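**Student:** Sequence first, then the predicted structure, then my questions.
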Amino acid sequence: MAAVTGVRYSDTDTSNIGIDMSDTLYMISPFDVPLLQLVGKDSLASPCVAVKHEWLEDNLRALDSVVVTLGELNNATAALTTTTCTAGTGVQFRINDIVEVTSAVGVELIRLTSAMSTDTFVVATGGRGYGNAGTGLAHSGLPTLKIIGNVNLQDAGVGASRSTTKTGRFNNTQIFESAVVVTSTLQAIKKYVEQNEMAAQIERELRVAWIQMERTLISGKKVAPTSTVAGAMDGILPVITTNAYAKAGAALTEEFVLAALNDCWNAGGQPTHIVSGAFQRRQMNKFLDSMRLTTRTDRIAGSVVDTYTSTFGTVDLLLDRNMPADTVLVIEKGRLGFGPLRDHALKVVDIPQTTGLKDTKQLYGQYTSETRNQAAHAKITGLATA
């Protein structure tokens, strides 16, 4: 062993110096899964008992449409023979329906004088301007159509029937899986923190699994399972098609939110929450800017909007780091569900080993989700993020 002369220094004599290590582990853990907590981890309307999870939806027969071919509606008195409505919606109308026609010119009532076999309106002379001596309006653009009622004589016969059929909806189940492998040596040796390394790693993987489930609930895309293809579930965003607004880089405004709430309400929904990431939440906080009044003595700056109230009800704002940065989601909580396949909730199991020198745990769960009556929800996408 070499002799040491002179001063002894800590940077040269390190063999017997203990490592300065805190007994606290500092770790960043963005674990929050607010949407999953809101919806619930076992909130399916009925338990899932098949890899294709199915349910039924129905609605009232539609009473609204839009003119796509103006035809004789640009003449104040002409009978209608070439005016058409949105393709496939002509079946909504019956003989003697009173239809409100609204355009930039004004509002006119017409009475359908013949049954519609296609999307073309048949209105005889005198059916225009109903209740106004047969005087209509010379409309422009593409007017909206709204059935406001139906008139019949006191001894009228049975009219044509109109009804809806139930629609079968489904989602697939998706298997979420991970594994933790720890050697017996690592498990046995003394450590500064987390003496039980297996338990510590399992806890982390469970958190990761819930984050993945949250992200799938938001953005997952349905894939049918086969013997060679793993099944995947639809999230909420891909299912919403009726009230879907692509904004092509526009900044979020209060009017965008109001329009989405309005359309959900028109469809019969009752939105309860607006879900967004941090940037869009900051934009919503600015809704108060035009009404803020401060004085020279005010020493606190900023604003936070947690609840938004409008004509269409009160909704809570939910901040979710898993949401796409350019997207705002409007939801009705009662029409969403998430849950496991029967006996397949997230669990941890032991995996048999070929050696005693390591231990393996597998985490797995099989889940699906329900986005029921998608027209009751809305999404605003493509928003500015800077």
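**Tutor:** Noted; the coordinates are in hand. Residues are numbered from 1 along each chain as shown.

**Student:** Low-confidence ranges, the stretch 1-150 of the chain, go.
**Tutor:** Along the stretch 1-150 of the chain, the model assigns pLDDT under 70 to residues 1-2, 4, 17-28, 133.

**Student:** roughly how far apart are the residue positioned nearest the centre of the chain and Ser369?
**Tutor:** Against the mean C-alpha coordinate of the chain, by Cα atoms, centre = their mean, the closest residue is Ile236 at 3.9 Å. Distance from Ile236 to Ser369, counting by Cβ to Cβ, to the nearest Å: 8 Å. To be clear about C-beta, it is placed using only N, CA and C from the backbone, and glycine gets the same treatment.

**Student:** Give me the common contacts of those two.
**Tutor:** Leu217, Leu336 (Cβ atoms under 8 Å, 6 or more residues apart in numbering).

**Student:** looking at this, Thr314 is in a strand?
**Tutor:** Yes - checked against DSSP: H, G, I helix; E, B strand; the rest coil, Thr314 lies within a strand.

**Student:** And the helices in the stretch 101-250 of the chain, which stretches?
**Tutor:** Along the stretch 101-250 of the chain, counting by DSSP state H, counting those that start in this stretch, helices occupy 184-188, 197-219, 236-239.

**Student:** Please identify the buried residues of the longest one?
**Tutor:** By neighbour count on 16 or more other Cβ atoms under 10 Å, the buried set for helix 197-219 is 197-198, 201-202, 206, 209-219.

**Student:** what about that helix, distance to the chain center?
**Tutor:** Centroid separation for helix 197-219 versus its chain: 21 Å, with Cα atoms, centre = their mean, to the nearest Å.

**Student:** who's in contact with it?
**Tutor:** Contacts of helix 197-219 (Cβ under 8 Å, 6+ apart): 29-31, 33, 35-36, 39, 41, 174, 176, 178, 180, 182, 186-187, 191, 194, 232-233, 235-238, 320, 322-324, 329, 338, 346, 348, 359, 361, 363, 365, 367, 369.

**Student:** again with stretch 320-328
**Tutor:** Contacts for stretch 320-328 (Cβ under 8 Å, 6+ apart): 30, 32-35, 211, 214-215, 218-219, 237, 252, 256-257, 260, 274-280, 329, 379-385.

**Student:** could you flag which of the residues you listed are buried?
**Tutor:** Buried residues within these, defined by neighbour count using 16+ other Cβ under 10 Å: 32-35, 211, 214-215, 218-219, 237, 252, 256-257, 260, 274-277, 280, 329, 379-381, 383, 385.

**Student:** from the residues you listed, which ones fall inside helices?
**Tutor:** Of those, the ones assigned to helices by DSSP state H are Pro34, Leu35, Ile211, Glu214, Arg215, Ile218, Ser219, Leu237, Phe256, Val257, Ala260, Gln280.

**Student:** and Thr83, how many residues sit next to it?
**Tutor:** For Thr83, the count of nearby residues is 25 (other Cβ atoms under 10 Å).

**Student:** what's the burial count for the closest residue to it other than its chain neighbours?
**Tutor:** Distances taken as Cβ to Cβ, 6 or more residues apart in numbering put Gly71 closest to Thr83, at 3.6 Å, once the chain neighbours are dropped. For Gly71, the neighbour count with other Cβ under 10 Å is 17.

**Student:** Now Gly71: phi and psi?
**Tutor:** phi 50, psi -130 (degrees, to the nearest 10).

**Student:** Isn't it up against Thr84?
**Tutor:** Yes - using Cβ atoms under 8 Å, Gly71 is in contact with Thr84, at 7.0 Å.

**Student:** Spell out which residues are contacts of both of the two.
**Tutor:** Phe121.

**Student:** how about the helices of the stretch 101-250 of the chain in CSV, adding distance to Asn75 and mean pLDDT?
**Tutor:** As requested, those are arranged in CSV below (distance: least, Cβ to Cβ, whole Å; pLDDT from 0 to 100):
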stretch, distance to Asn75, mean pLDDT
helix 184-188, 86, 90
helix 197-219, 50, 93
helix 236-239, 43, 98
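
**Student:** right, and these - which one's nearest Asn132?
**Tutor:** Across the helices of the stretch 101-250 of the chain, Asn132 has its closest neighbour in helix 236-239 (44.3 Å, Cβ to Cβ).

**Student:** For that closest one, name the packing helices and strands.
**Tutor:** Applying 3 or more Cβ pairs under 8 Å, 6 or more residues apart in numbering; DSSP states H and E, one finds that helix 236-239 makes contact with helix 197-219, strand 328-331, strand 358-371.

**Student:** where do the strands sit along the stretch 1-150 of the chain?
**Tutor:** With DSSP state E, counting those that start in this stretch as the criterion, the stretch 1-150 of the chain has strands at 52-57, 64-69, 84-85, 97-102, 107-111, 144-150.

**Student:** Parallel or antiparallel, list what pairs with the fourth one.
**Tutor:** This means strand 97-102. strand 107-111 (antiparallel), strand 144-150 (antiparallel) (DSSP bridges).

**Student:** State the distance from the spatially closest residue to Phe338 that is not a sequence neighbour to Ile211.
**Tutor:** Among residues not flanking Phe338 along the chain, Ser369 sits closest, at 4.6 Å (Cβ to Cβ, 6+ apart). For Ser369, the distance to Ile211 equals 15 Å [Cβ to Cβ].

**Student:** Ok, Val122 next?
**Tutor:** 58 Å.

**Student:** Can you tell me the element Trp265 falls in?
**Tutor:** helix 254-266 (DSSP states H and E).

**Student:** residues making contact with that helix?
**Tutor:** So helix 254-266 is contacted by 242-243, 245, 247, 250, 270-271, 274, 284, 287, 308, 310-313, 315, 328, 330, 332, 375-380 (Cβ under 8 Å, 6+ apart).
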